[in-house]
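J.: take this sequence and fold it.
(chains A, B, C and D)
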Protein chains: 2
Amino acid sequence: MGLSRHDLLTIGQLAERSGLATSALRYYERMGLIHSERTTGNQRRFARSTLRRVAFVRAAQQVGLSLEEVRTALDRLPVDRAPSHEDWNAVARTWQVRIDRQIEELELMKRKLTGCIGCGCLSLTRCGLYNADDRAGRAGSGARYLRTGDPATGPEPLPAGL
Amino acid sequence: MGLSRHDLLTIGQLAERSGLATSALRYYERMGLIHSERTTGNQRRFARSTLRRVAFVRAAQQVGLSLEEVRTALDRLPVDRAPSHEDWNAVARTWQVRIDRQIEELELMKRKLTGCIGCGCLSLTRCGLYNADDRAGRAGSGARYLRTGDPATGPEPLPAGL
DNA sequence: GTGCAACTTGAAGTCGGCTTCAGGTCAAGC
DNA sequence: GCTTGACCTGAAGCCGACTTCAAGTTGCAC
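T.: Next up, the predicted model:
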């Protein structure tokens, strides 16, 4: 029941089949997202199931998870073994919440923007569009500075320009 | 009709009122997003309307625009002057499209995820969740490698694990 | 006129998610 | 057995949006 030689993929094969660069796969391995055996010559050999893991990672990234978060999620699933319905549901629910929250924020943005256009006031400040809750922002990179609350132009008499 | 001394804000005041760090504001200025006059001693003085510009920038970022894109958008609006209904509409429409596209992608993700849970197959691969269109991804940072299309696990016989 | 907070600059650092490079090793087809 | 393409490693580079630092200058209250 063990893996025969041909059930293993080289990194190049995994790259081709997953659509990722080999460098990315090595990076994923360093991050503990995927695992490999080594040949006597120290080359990586991946189980075929790694394709699924990689797919999982990419999907999770789409939902806005960082690789660190993905690792956590993966750690909750059995290693290289079919996840139970429970396992899977737990993970999926997390994603659902994420997605819903993101959609919600975008909808809010949209409503405010629509209101802005409709009312013709031409002022972000008055319409409160820019007062949109800043938390999270895009799940972007780097040290992001987001002092939430703390109204920027509270009781300001509105001057001419934008 | 000119600006009196008190209509001008120091960078510290602008920072406090906008909720951004002074370093961010200087960065915005270098990027051409905001502008300032200088005192005889070379210190920045911002027009009050800069608060609006900053608000605009933050709002645009929320919608997923990069600062470069924001600059382009701002360039289409009159400098330090109230934008016309036309001006504003053009910009707003761009944002709407952005938001709609983002929402659409998330909805797609959600539907696929829901399907996955419902069908109980426990396989991202079979459910096609991970085949979700990769384009754009999150408007994140850095050199992102996204080879779209190029199915990762096409005619693969599905083995045990995830 | 002095003290001190707020300002100035350019350069370098940070974060995540990679890619690229240099210099060397392995595997397999002829 | 040799060649050649795929592989190995660690270090460095890159992107965007900033922050942090060092070392010096201004502005304003007293």
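J.: what angle do the lengthiest helix in chain A and helix B:85-119 make?
T.: Secondary structure of chain A per DSSP state H: the longest helix is helix A:85-119. With axes from the mean of the first three to the mean of the last three CA atoms, to 10 degrees defining the directions, helix A:85-119 sits at 160 degrees from helix B:85-119.
J.: number of nearby residues for residue A:84?
T.: Residue neighbour count, defined by other CB atoms under 10 Å in any protein chain shown, stands at 12 for residue A:84. From N, CA and C alone the C-beta is placed, and that goes for glycine too.
J.: to clarify, my last question referred to residue A:66.
T.: Neighbours of residue A:66 (other CB under 10 Å): 12.
J.: distance of residue A:72 from residue A:66?
T.: 10 Å (CB to CB, to the nearest Å).
J.: what does residue A:14 give?
T.: Taken as CB to CB, the span from residue A:14 to residue A:66 is 22 Å.
J.: quick check, pLDDT for residue A:42.
T.: Note for residue A:42: predicted pLDDT of 97.
J.: tell me the SS of it?
T.: coil (DSSP: H, G, I helix; E, B strand; the rest coil).
J.: which ones are touching it?
T.: Applying CB atoms under 8 Å, 6 or more residues apart in numbering or on different chains, we find residue A:42 in contact with no residue.
J.: now do the buried residues in the longest helix of chain A.
T.: For helix A:85-119, the neighbour count (16 or more other CB atoms under 10 Å in any protein chain shown) marks A:87-89, A:91-92, A:94-96, A:98-99, A:102-103, A:105-106, A:109-110, A:112-113, A:116-117 as buried.
J.: do stretch A:34-52 as well
T.: Using 16+ other CB under 10 Å as the test for burial, stretch A:34-52 gives A:34, A:36, A:44-52.
J.: adding secondary structure and distance to DNA strand C, write those out as a markdown table.
T.: Listed next are the buried residues of stretch A:34-52 as a markdown table, based on DSSP: H, G, I helix; E, B strand; the rest coil; distance: CB to the nearest atom of the strand, whole Å:
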| residue | secondary structure | distance to DNA strand C |
| --- | --- | --- |
| A:34 | coil | 12 |
| A:36 | coil | 13 |
| A:44 | strand | 10 |
| A:45 | strand | 9 |
| A:46 | strand | 14 |
| A:47 | strand | 17 |
| A:48 | coil | 16 |
| A:49 | coil | 19 |
| A:50 | helix | 15 |
| A:51 | helix | 16 |
| A:52 | helix | 17 |
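J.: chain B next: which of those are close?
T.: Among the buried residues of stretch A:34-52, the residues within reach of chain B (CB under 8 Å from any CB of the partner chain) are A:47-49, A:51-52.
J.: okay, now residue A:68: neighbour count?
T.: Residue A:68 has 11 nearby residues by other CB under 10 Å.
J.: ok, now the one 4 residues further on?
T.: When counting by other CB under 10 Å, one arrives at 12 neighbours for residue A:72.
J.: repeat for residue A:7
T.: With other CB under 10 Å as criterion, residue A:7 counts 13.
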